[in-house]
Each structure stands twice: as structure tokens, then as C-alpha cells.
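Trainee: A structural model of the following input is requested.
(chains A and B)
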Amino acid sequence: DAKTTQPTSMDCAEGRAANLPCNHSTISGNEYVYWYRQIHSQGPQYIIHGLKNNETNEMASLIITEDRKSSTLILPHATLRDTAVYYCIVRVSGKSTFGDGTTLTVKP
Amino acid sequence: GAVVSQHPSWVICKSGTSVKIECRSLDFQATTMFWYRQFPKQSLMLMATSNEGSKATYEQGVEKDKFLINHASLTLSTLTVTSAHPEDSSFYICSARGPGGGKNIQYFGAGTRLSVL
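Mentor: Alright, predicted model coming up:
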């Protein structure tokens, strides 16, 4: 599975969009990009995934660059409850390997 | 849909005892489940992959005789921490591969916090 690089931490004002970047420059053609988040002391929560097209669901949008070497998770209107560690994972199938993720802190 | 239930959520035990953690996929069948461990302020570490009806595949460095995994049905996998010691105290999280079109999505349980005295 390809390695991912994410910033250690980010802050966002409540109500504003949170844009979380992820670099995956060694991604191969059949690997998907998955995003999960983990709120303190809970199990990870699936957010969204994509292959090469941009994706949107009720939680977030995923923007994948044309060369697929990086992606951005967008939370359009962040709330205090979105404060969590966000993980970007790249894989074909099977098990997910978690890196250190980005700690997003949404501030009032 | 795609709910994974984990039980218990919190367990305290004495050193030397064994603890069993259950992981159930409530509304779908999961041929593959995963077990993770997470220490404070660290990321999740995969311990093993559990396939229904066959032996689990353990990650390097994880003692299979210490962490017994049983995946007896399509909706239930169990992790037994045998002869637990204080260093086994951790947050244990199970995950199941999703159903149907979302079969490559992993859904996670809420986790079990184990404290060994």
C-alpha cells in the first residue's frame, strides 16, 4: 500500500470550510484513497473514498488531483463536533494501515 | 447500515486472567474482520486479519498464542487476551469489511478499553 503524508495538526474556525491535504505520490493505478476520522476515545468513522474522480457525500467532499498524487478532504461547514484525528489511507483492498493522521481542531 | 458492535466497551481485570472481546457485524455479513490496538497518543496498529472459518493472519510481532482470534460465523469475531499483564492495557478496536458495493470499506466498532491491574 502506498505511503501517505499528512500535516500533523490544523485549526479551523467553526462554520468555515476545513481543507485537509494528503500526499500520496507513490499511489498506483488501482489504489483507492480512503478517509476516516477518529474522535477521542472512539473507533474510527468512515468518511469517504475515491479512485480518481472527485466525490461528495453528506459528510464531506474529496478532491483528487489529476495525477492522483495528492488529495484534499473538505468539510464544508466545520462544527465543534468535527474536532478529531483525520486519517488518509491508500490501498487496493484488504486491511487499512493507519499513519499518524491530522489532528483537526475546530475553534468557536 | 454497516454497523459494527463491540463488547465490552470497558474492562478491568487482574494480571494473569484472560479477557474476551466480541465484535459483531449487526446488519451485514463480514467474511473478513480486523483487530487493531491503540496506545495513548498513538495511531492504530493492525494486530491481525480474521477470516470466517479459517485461522487468523497475524501481523509481525503479534503473539498469536497471546491474542487468540476466533471468527466462527459471518457476523462474529472474538479476540481473547490470554494471561493479561499490565503492558496489555490498551484500546482494542475491531473492524469489518463492508457489504455489497461497499465491500472494500472498513467499518469500525467503538473499541474496548482494557485495563490490567
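
Trainee: Any residues of chain B in contact with chain A? List them.
Mentor: B:4, B:6, B:32, B:34, B:36, B:43-46, B:49, B:91, B:93, B:95, B:104-111, B:113 (Cβ under 8 Å from any Cβ of the partner chain). Just so you know, the C-beta spots here come from the backbone N, C-alpha and C atoms, and that holds for glycine as well.

Trainee: Please spell out the PyMOL selection for the buried subset of the residues you listed.
Mentor: In PyMOL, this line selects whichever of those come out buried by 16 or more other Cβ atoms under 10 Å in any protein chain shown:
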select buried, chain B and resi 4+6+32+34+36+44+45+46+49+91+93+95+105+106+107+108+109+111
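
Trainee: out of the residues of chain B next to chain A, which are inside helices?
Mentor: Using DSSP state H, the subset of the residues of chain B next to chain A located in helices is empty.

Trainee: Nearest to chain B: which residue in chain A?
Mentor: Closest residue of chain A to chain B, Cβ to the nearest Cβ: residue A:43 (3.8 Å).

Trainee: Find the nearest non-adjacent residue to that residue, please.
Mentor: Spatially, and ignoring its direct neighbours in sequence, residue A:43 is nearest to residue B:108 (3.8 Å; Cβ to Cβ, 6 or more residues apart in numbering or on different chains).

Trainee: show me what contacts that neighbour?
Mentor: Contact partners of residue B:108, counting by Cβ atoms under 8 Å, 6 or more residues apart in numbering or on different chains, are A:36, A:43, A:44, A:45, A:46, B:4, B:93, B:94, B:95.

Trainee: repeat that for 6 Å
Mentor: A:43, A:44, B:93, B:95 (Cβ atoms under 6 Å, 6 or more residues apart in numbering or on different chains).

Trainee: Redo those as JSON lines? Include pLDDT and distance to residue A:52.
Mentor: Shown next, in JSON lines, are those (pLDDT from 0 to 100; distance: Cβ to Cβ, whole Å):
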{"residue": "A:43", "pLDDT": "95", "distance to residue A:52": "29"}
{"residue": "A:44", "pLDDT": "96", "distance to residue A:52": "24"}
{"residue": "B:93", "pLDDT": "98", "distance to residue A:52": "30"}
{"residue": "B:95", "pLDDT": "95", "distance to residue A:52": "25"}
